[in-house]
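> Predicted coordinates and the sequence they were generated for:
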Amino acid sequence: MMNSMRPSSIRLHWVRVPFWEPFRISNGEVSVKDAILVQIEAGGTIGWGEASPLAGSAYSGETPQSTWDFLRDRLVPAFLERPELDPFLCFDRISKLPGEPFAKAGLEGAVWDLRAQQAGVPLWSLLGGLHRPIESGATVGLMPELSDLLKRVQRFLSQGYRRIKIKIAPGRDLELVRAVRHRFGNISLMVDANASYELDDAGVFEELDRFDLMMIEQPLAREALTEHAELQRRLRTPICLDESADDLESVQSIIRQGSGRILNIKVQRMGGLWPARQAHDLARAAGISCWLGTMPELGIASVQGLHLATLPNFTLPSDVVASERWFVDDILGPPISITENGFICLPAGAGMGYQVAADKVAQYCTRFEELRA
Ligand SMILES: [Mg+2]
């Protein structure tokens, strides 16, 4: 028994899988998805996790290189010295080292998968979720032409996605929403402003308020919690916080200040499944609805997020989509797919319910490191 309580090794695989088309971020484009897969072995069982920072520091200061360095040089050595394989306690242990939520999410995810497999139960059950399908929603970025936007929306609707999110930016907002509403009528529609407006732009949101949107995601800056609260008071449409919700403390501040009515929970940014579940629980107690966001991640982190998204207060469609939406390939078998009416159904089985494909890991691996206890 003692044997199964200590990891014998942790392997890090830095994989790079190409995007179908360049992924646009505020400061440029990314053509390859980097992820550091964390493979932990204990008592003959293997658990997988994924640390998934995007190249180009899209959402934060972390990069694939900085996450790799932190995992290899600090987090994994410290963990092997003093392991904690109880996933309910693991986050507390690894939080002794500050910062680096992506790296922590990768290691913590591996510990959850390991424990679920050792217990012979699906991850959702260990997390306290329910066995239910997850609604999936698609996102269309800012497109050069309005006609491109409409074509994308059409394609995603025909694939079954249950809500459409369109990105907006100052000067490219009302026109887009008006065109989509005009063409597609009463579909489930939301906008994401990625923190690109100021409170002085409230007039734009008061106009958008007439379009019966599901929500307006992150209109103002990350730190602008008071301003979000003021804007929310002026709108009927719920405001959803995304960039602002970057750890448990900020989730508490959002709730306290009434900055919005919806929360986009991203497991990578929160530092793991346990803090993400705590964010869900805080929101639930405060009457704030949640949904699961993405960075986007490859299959392992996406699937682990979906297990979390079976918790009862994840009431809105997730950003997790079919594997083929973003990436030319994935390291899971089978890949994530959606039903024709836009749901993702988690396969039965212990742990994630999906297999990590060793040949794919090897094919896309660019760096490898094994650390032993
Ligand atoms: Mg967002």
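That came in fine, so what should we check first? Every value quoted in this text rests on a predicted model; they were computed, and no experiment measured them.
> Can you name the residues that contact Leu107?
Ile10, Val38, Ile40, Gly49, Ala51, Leu71, Leu75, Val76, Phe79, Cys90, Ile94 (CB atoms under 8 Å, 6 or more residues apart in numbering). For glycine as for every other residue, the C-beta is placed from the backbone atoms N, C-alpha and C.
> Contact partners for Gly109?
Gly109 neighbours (CB under 8 Å, 6+ apart): Val38, Trp48, Gly49, Glu50, Val267, Gly272, Leu273, Ile300, Ala301, Gln304.
> can you count the residues close to the fifth one?
Summarising burial for Val267: neighbours were counted as other CB atoms under 10 Å, giving 31.
> helix or strand for Arg233, which one?
helix 225-234 (DSSP states H and E).
> residues of that helix that come out buried?
Leu225, Glu227, His228, Ala229, Glu230, Leu231, Gln232 (16 or more other CB atoms under 10 Å).
> With pLDDT added, can I get these in a markdown table?
Formatted as a markdown table, the buried residues of helix 225-234 follow (pLDDT from 0 to 100):
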| residue | pLDDT |
| --- | --- |
| Leu225 | 98 |
| Glu227 | 98 |
| His228 | 98 |
| Ala229 | 98 |
| Glu230 | 98 |
| Leu231 | 98 |
| Gln232 | 98 |
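> Dump those residues to a markdown table, plus distance to Arg155.
Formatted as a markdown table, the buried residues of helix 225-234 follow (distance: CB to CB, whole Å):
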| residue | distance to Arg155 |
| --- | --- |
| Leu225 | 36 |
| Glu227 | 36 |
| His228 | 32 |
| Ala229 | 37 |
| Glu230 | 38 |
| Leu231 | 32 |
| Gln232 | 33 |
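> from the residues you listed, which is closest to the ion?
Using CB to the ion, His228 comes nearest to the ion of the buried residues of helix 225-234, at 13.7 Å.
> Who are the contact partners of that closest one?
Counted by CB under 8 Å, 6+ apart, His228 has contacts Pro219, Leu220, Ile239, Leu241, Ser244, Ile254, Gln257, Ser259, Gly260.
> May I have the residues that are in contact with Leu54?
So Leu54 contacts Phe23, Ile25, Val30, Lys33, Asp34, Met295 (CB under 8 Å, 6+ apart).
> tell me the secondary structure for it?
Assigned with DSSP: H, G, I helix; E, B strand; the rest coil, Leu54 falls in the coil class.
> Find me the pLDDT at it, would you?
At Leu54, the predicted lDDT confidence score is 86.
> burial count for Gly287?
9.
> how near is it to the ion?
Using CB to the ion, to the nearest Å, Gly287 is found at 22 Å from the ion.
> picking that back up, buried ones among the contacts of His228?
Here, 16+ other CB under 10 Å leaves Pro219, Leu220, Ile239, Leu241, Ser244, Ile254, Ser259, Gly260 buried among the contacts of His228.
> Among those residues, list the two that are farthest apart in space.
Farthest-apart pair in the buried ones among the contacts of His228 is Pro219 and Ile254; separation 13.7 Å (CB to CB).
> Where does the prediction get shaky in this structure?
1-4, 25-27, 57-59 (pLDDT under 70).
> Kindly recompute the last result at 50.
1-3 (pLDDT under 50).
> Can you pull the domain assignment for it?
With domains defined by automatic domain parsing, the chain comprises 2-121+355-372, 126-344.
> quick one: the helices in the stretch 1-150 of the chain?
2-5, 64-70, 76-81, 87-94, 101-119, 123-127, 146-158 (DSSP state H, counting those that start in this stretch).
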